[in-house]
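Asks: using only what follows, build the 3D model:
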Amino acid sequence: MEILYTNTRDASEKVTASRAILNGLANNGGLYVPTEIPKLDIPVEELAGMSYQETAYAVMSRFLTDFTEEELKTCIERAYDSKFDTPEIAPLTYAGGAYYLELFHGPTIAFKDMALSILPHLLITAARKNQVKNDIVILTATSGDTGKAALAGFADVEGTKIVVFYPKDGVSPIQEKQMVTQKGENTCVVGIHGNFDQAQTGVKQMFSDPELKAELDAAGYQFSSANSINIGRLVPQIVYYVYAYAKMFANGEIGKDDPINVVVPTGNFGNILAAFYAKNMGLPIAKLICASNENKVLYDFFSTGVYDRNREFILTSSPSMDILISSNLERLIYWIAGADAEKNAELMRELSAGGKYTVTPQMREKLADFYGNYTSEEETAEVIRSLYGDTGYVIDTHTAVAAGVYRKYKAETGDMTKTVIASTASPFKFTRSVMDAIDRKYDGMGDFELADELSKIANVKVPQAIDEIRSAAVRHTTVCEPEEMPQAVKAFLQIG
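Replies: So this is what the prediction gives:
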């Protein structure tokens, strides 16, 4: 069965999977969504015996139907290899009454590696399939993790260049050091004087600028995206929810068809949307628990049906979730609008013009599978401290936001369904916030001293990703205003 991809804002646009991956963003600023969600028609007993790579093929082959078996298996083999520090790729750890799905064992110690290890291979394969002659310029905004994972994935990949924009004062010191020390002749990192939403808006504007597109084309380039707006990012994320369920079954933690809940720390809404797609493939997920930090635009949306980004932007200890415009929510809005591109486009125009929109009562009814809540900064620190005190297990700030919301959900509902928490980053990526939460006595230490101390108390080796940036030279120093982003791209590509 062939799955095509349609535009959330224009029902007339339908493309193959490879073309959707190549384009990144659909026409008129829309996003690509599958015309239908394929069924996962493999018995859990069979899934339970599969490796991560085999699970990836089982899931992704159902979505990316114009890739041949050989093409897709080659992409998967190249992505999920020894650059992950465990053969399991995404292990499960039980601690404090929940199963933590550790998505940070890749080269940049954050969950973005799970999709960004494979995206370059999917993209280059898609370019060949579609006879693309231009070099692909990956244009990405990051709130901290996507940037480094995309840079690592695309560094020195032939036929590509990558430009990453990040908020200069809105990422952790380790996140920034990871990006600005990135090697690769085809890489460019630019800090902006602004927040993530401004970086993301700037990237979207460049995608939809016809003059810029023509200038690039004349110079032999075309844009694509590594952000979670690219369907080639979203599909690989579905895999780890299927893998986690199969492993729980294999380990005897759940029986056949037993439901689980999933808790996801959420900023741009891609990771929890992947869980929603897994549920709609037939995976027995009961509740999708959406965890926000103090930028609780999604919690307010699930509570009221009103999405309103007109509020103060708060810098928190979980910077990858410091987002007020959750781009991937549009894919869910399209779904609950009954795949009505016109209705979705109207709501997105309202968001663009006035910063808010309200879904209809009928649309809200279709959100019953979601539960939203948020964890304050104080609560986040307390969750890290108490989980470590009770179990010796150390989690990062983003995962702690999810664990805090899960506590609230259990207290409110009494629901004791077995639950998987998406653990989206290594605590080594946010050492200062994590160690401060455990004990203020670490306050005076430097970032790398803190990493060594964390290694001791958690009994976990310092990841290679941290060791390699200790003495790495800074290679990227460009900083600009949000409105200067197109000039920064053109300067890097030596256009104009």
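Asks: tell me the first helix or strand C-terminal of the helix or strand containing Ile136.
Replies: Using DSSP states H and E, Ile136 sits within strand 135-141. Per DSSP H and E, the first helix or strand lying C-terminal to strand 135-141 is helix 145-154.
Asks: angle of that following helix against strand 135-141?
Replies: Helix 145-154 runs at 160 degrees relative to strand 135-141, counting by axes from the mean of the first three to the mean of the last three Cα atoms, to 10 degrees.
Asks: from the chain's centre, how far out does helix 145-154 sit?
Replies: Centroid displacement of helix 145-154 relative to its chain, using Cα atoms, centre = their mean, to the nearest Å, is 11 Å.
Asks: as a whole number, average confidence for stretch 429-438?
Replies: For stretch 429-438, the mean pLDDT works out to 95.
Asks: mind listing what's buried along it?
Replies: 429-438 (16 or more other Cβ atoms under 10 Å). In short, each C-beta sits where N, CA and C put it, glycine included.
Asks: cool, stretch 180-199 as well?
Replies: When burial is assessed from 16+ other Cβ under 10 Å, stretch 180-199 yields the following buried residues: 180-182, 184, 186-192, 194-199.
Asks: now swap in stretch 388-398 and tell me
Replies: 388, 393-398.
Asks: now do Lys429 against His121, distance only.
Replies: Here Lys429 is placed at a distance of 25 Å from His121 (Cβ to Cβ, to the nearest Å).
Asks: scratch that, Leu234
Replies: Per Cβ to Cβ, Leu234 is found 16 Å from His121.
Asks: show me which of these two is the more surrounded one.
Replies: More crowded of Leu234 and His121, by other Cβ atoms under 10 Å: Leu234, with 23 against 20.
Asks: CA atoms only: put the helix or strand where that one lies into PDB for me.
Replies: Assessed by DSSP H and E, Leu234 sits inside helix 231-250. Coordinates of each C-alpha in helix 231-250 appear next as PDB, following Å, rounded to 0.1, in the frame of the first residue of the first chain:
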ATOM      1  CA  ILE A 231       8.500  14.200   8.200                       C
ATOM      2  CA  GLY A 232      11.900  12.400   7.900                       C
ATOM      3  CA  ARG A 233      12.400  13.400  11.500                       C
ATOM      4  CA  LEU A 234       9.000  12.400  12.700                       C
ATOM      5  CA  VAL A 235       8.800   8.900  11.300                       C
ATOM      6  CA  PRO A 236      12.000   7.600  12.900                       C
ATOM      7  CA  GLN A 237      10.700   8.800  16.300                       C
ATOM      8  CA  ILE A 238       7.700   6.500  16.100                       C
ATOM      9  CA  VAL A 239      10.100   3.600  16.200                       C
ATOM     10  CA  TYR A 240      11.300   3.900  19.800                       C
ATOM     11  CA  TYR A 241       7.800   3.800  21.300                       C
ATOM     12  CA  VAL A 242       7.100   0.500  19.400                       C
ATOM     13  CA  TYR A 243      10.500  -0.800  20.500                       C
ATOM     14  CA  ALA A 244       9.900   0.200  24.200                       C
ATOM     15  CA  TYR A 245       6.500  -1.600  24.200                       C
ATOM     16  CA  ALA A 246       8.000  -4.700  22.600                       C
ATOM     17  CA  LYS A 247      10.800  -4.800  25.200                       C
ATOM     18  CA  MET A 248       8.400  -4.400  28.100                       C
ATOM     19  CA  PHE A 249       6.500  -7.400  26.700                       C
ATOM     20  CA  ALA A 250       9.700  -9.400  26.100                       C
END
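Asks: quick one, helices of the stretch 51-200 of the chain?
Replies: Per DSSP state H, counting those that start in this stretch, the stretch 51-200 of the chain carries helices over the ranges 52-63, 69-79, 112-116, 119-129, 145-154, 173-180, 196-207.
Asks: what helices or strands is the second one leaning on?
Replies: In this structure, helix 69-79 packs against helix 52-63, helix 119-129, with contacts taken as 3 or more Cβ pairs under 8 Å, 6 or more residues apart in numbering; DSSP states H and E.
Asks: related to what we said a few turns ago, got the buried residues of stretch 388-398 as TSV, with secondary structure, distance to Thr142 and pLDDT columns?
Replies: TSV is the format used below for those (DSSP: H, G, I helix; E, B strand; the rest coil; distance: Cβ to Cβ, whole Å; pLDDT from 0 to 100):
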residue	secondary structure	distance to Thr142	pLDDT
Tyr388	helix	28	98
Tyr393	coil	28	98
Val394	coil	24	98
Ile395	coil	22	98
Asp396	coil	17	98
Thr397	helix	17	98
His398	helix	14	98
